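>>> Starting from these lines, generate the structure:
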Amino acid sequence: MNSNIKSEQGGFLKLIVLIVIALLLMKYFKVSVTDVIDWFKTVFNSVFK
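Alright, predicted model coming up:
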């Protein structure tokens, strides 16, 4: 039981670190959230056409 809780906390911590790194990279490359959303829309439209 105790190891299961530690595993979930470790996964949550990794997710937070990944989000922070992604936000720092977005700031470094001067990319906004709307640019990322538009890129995903373009990718999905080209894949599913």
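>>> Show the pLDDT at the residue minimising distance to the centre of the chain.
With distances taken as C-alpha atoms, centre = their mean, residue 19 lies nearest the centre of the chain, 5.2 Å away. Here, the pLDDT recorded for residue 19 equals 93.
>>> same question, the one 10 residues further on
pLDDT, the model's per-residue confidence, is 93 for residue 29.
>>> Could you find the closest non-adjacent residue to residue 36?
Here the nearest residue to residue 36 in space, its sequence neighbours aside, is residue 26; by C-beta to C-beta, 6 or more residues apart in numbering that works out to 7.3 Å. In short, each C-beta sits where N, CA and C put it, glycine included.
>>> And the next helix or strand past the longest helix along the chain?
In the chain, taking DSSP state H as the definition, the longest helix is helix 2-28. Sequence-wise, the next helix or strand beyond helix 2-28 is helix 33-47, with elements assigned using DSSP states H and E.
>>> Fine, thanks again, bye for now.
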